[in-house]
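Asker: my questions are about this predicted structure, shown below with the sequence.
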There are 2 protein chains.
Amino acid sequence: MRDEFRAELHTVSQLLVDMAEAVRAAMRQATKALLTADRPAAEAVLAGDAEVDNLYRQVEERVCDLLARQAPVASDLRAVITALHVAADIERMGDLADHVAKTALRRHPLPAVPAELRTVFTQMATVADRMSEKIGAVLSKPDADLAAELDRDDDAMDDLHRELFGVLLSDDWPYGAETAIDGALLGRFYERYADHAVNTGEHVVYLITGETLNS
Amino acid sequence: MRDEFRAELHTVSQLLVDMAEAVRAAMRQATKALLTADRPAAEAVLAGDAEVDNLYRQVEERVCDLLARQAPVASDLRAVITALHVAADIERMGDLADHVAKTALRRHPLPAVPAELRTVFTQMATVADRMSEKIGAVLSKPDADLAAELDRDDDAMDDLHRELFGVLLSDDWPYGAETAIDGALLGRFYERYADHAVNTGEHVVYLITGETLNS
């Protein structure tokens, strides 16, 4: 029974790793679409979201199955519930990559991001990519130190978010309200993507701490 | 055992109703803060979010307790997992009310919303209020017809959201980028609040449909 539980939980974890890899690839491609006005890349992100949703449904089904057949308690139950939270966070990261791709599409063939904002969005995307890589890693192999790094990455994202608003709100902002609004919403998408990565890290840390305390 | 399960699930439902009422009150107060530059109202929203978070934790604890002690299966298990999803959606609605209040505070003592946008935000807040009232009602007494109304309310919210952008992006928009950005982000907060209300309605419909099919 115990081995069976472990094996089933491992399958769920593997699905979460697949989800993390999918939303990492989605945000990379969405950023490419955004910065190079690449329509096929944007469309690929939108088409790929079904895969993330499908993985999310698989996590939910396997978790329900696991709860029904194994009736876990204590730290085992916590691990299962945590998997649900993590899946919800990663699914939302996929939606946010979608929003970036949709913004690129809406402005196509024009670039959605003017020259003045390319550097800051490139940096935000780099931080987002690093964070989604780390959540894939901590889900494969729980590591509290690596998970804690996500907080520092999030600080870097917040700094970039402030920098972005500094440009958008500077007196010599040369574009109109529409470009400013797109910039602000895009900034929010990257920042929320990072928030969900931090949540995932916190769930993993909670699991590790819990397992240490209870086992 | 069965009666005990029902009683415990009812307690969880009651906590969800409390959460729905709390986030309804929070958005009402946040809108008041926004439209009248009312600092105490904004601060009350921020202080009140701890209550929503506390209710959310109580739902999670009771759900874990219920899963561990009752080991529900089939539609009972689905009802319990659905409660977790609903709690997450409502908790997020509270965060969005917070974001509205924070926007009001950031601009205080100036109003964050110029005269041109007061009507559309008043209407968005009215729709948001109606939706949070309905999720309180369907959580108290599951009602698929009432839950389905949330979709139509959401259509009204989307129309208002488009109307808002029409004003923000009109050629004669008399304010700068900052006011446009605040307007766009505020619009997104109300729209996301409505999305989470719709999710809640869908979860309740799923539960009702499932119970009909399985019982």
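Answerer: Structure's in. What do you need? Numbering: from 1, shown residues only, chains lettered A, B, ... in the order given.

Asker: confidence score at residue A:167?
Answerer: With respect to pLDDT, residue A:167 scores 95.

Asker: who's in contact with it?
Answerer: Neighbouring residues of residue A:167 by C-beta atoms under 8 Å, 6 or more residues apart in numbering or on different chains: A:116, A:117, A:120, A:173, A:183. (C-beta placed from N, C-alpha, C; glycine too.)

Asker: isn't the fourth one right up against residue A:181?
Answerer: No: look at residue A:173 against residue A:181 with C-beta atoms under 8 Å: they stay out of range, at 11.9 Å.

Asker: with neighbour numbers in mind, choose between these two.
Answerer: Comparing residue A:173 with residue A:181 by other C-beta atoms under 10 Å in any protein chain shown, the one with more neighbours is residue A:181, at 23 against 18.

Asker: now do the buried residues in the helix or strand harbouring that one.
Answerer: Using DSSP states H and E, residue A:181 maps to helix A:177-214. By neighbour count on 16 or more other C-beta atoms under 10 Å in any protein chain shown, the buried set for helix A:177-214 is A:177-207.

Asker: out of those, which are close to chain B?
Answerer: A:177, A:178, A:180, A:181, A:184, A:185, A:188 (C-beta under 8 Å from any C-beta of the partner chain).

Asker: what about the third one, distance to residue B:180?
Answerer: Using C-beta to C-beta, to the nearest Å, residue A:180 is found at 6 Å from residue B:180.

Asker: count the neighbours of residue A:133 for me.
Answerer: Going by other C-beta under 10 Å, the residues that sit close to residue A:133 add up to 13.

Asker: tell me the contacts of it?
Answerer: Residue A:133 neighbours (C-beta under 8 Å, 6+ apart): residue A:24.

Asker: which positions in whichever strand or helix holds it come out as buried?
Answerer: Here residue A:133 sits within helix A:115-140, counting by DSSP H and E. Within helix A:115-140, the residues that qualify as buried are A:116-117, A:120-121, A:123-125, A:127-132, A:134-136, A:138-139, counting by 16+ other C-beta under 10 Å.

Asker: just list the residues touching the residue nearest the centre of chain A, thanks.
Answerer: Closest to where the C-alpha atoms of chain A average out (C-alpha atoms, centre = their mean) is residue A:93, at 3.5 Å. When contacts are counted by C-beta under 8 Å, 6+ apart, residue A:93 touches A:23, A:27, A:132, A:193, A:196, A:197.

Asker: give me the spatial nearest neighbour of it, chain neighbours excluded.
Answerer: Nearest residue to residue A:93, sequence neighbours excluded (C-beta to C-beta, 6 or more residues apart in numbering or on different chains): residue A:23, at 4.3 Å.

Asker: contacting residues for residue A:178?
Answerer: Each residue near residue A:178 by C-beta under 8 Å, 6+ apart is listed here: residue B:169.

Asker: show me which residues of chain A sit near chain B.
Answerer: Residues of chain A lying near chain B (C-beta under 8 Å from any C-beta): A:60, A:63-64, A:67-68, A:71-74, A:77-78, A:81, A:84-85, A:88, A:165, A:168-169, A:173, A:177-178, A:180-181, A:184-185, A:188.

Asker: how about a cut-off of 7 Å?
Answerer: Residues of chain A lying close to chain B by C-beta under 7 Å from any C-beta of the partner chain are A:64, A:67-68, A:71, A:73, A:77, A:81, A:84, A:88, A:168-169, A:173, A:177-178, A:180-181, A:184-185, A:188.

Asker: quick check, nearest of the contacts of residue A:167 to residue B:37?
Answerer: Taking C-beta to C-beta as the measure, residue B:37 lies nearest residue A:173 of the contacts of residue A:167, at 25.3 Å.

Asker: list phi and psi for that closest one.
Answerer: phi -60, psi 120 (degrees, to the nearest 10).

Asker: which one is it nearest to, not counting chain neighbours?
Answerer: Nearest non-adjacent residue to residue A:173 (C-beta to C-beta, 6+ apart): residue B:177, at 5.5 Å.

Asker: pull the distance from the helix or strand of chain A with the lowest mean pLDDT to the chain's centre.
Answerer: The weakest-scoring helix or strand in chain A, judged by mean pLDDT, DSSP states H and E, is helix A:177-214 (a mean of 87). Taking C-alpha atoms, centre = their mean, to the nearest Å, one finds the center of helix A:177-214 at 7 Å from the center of the full chain.
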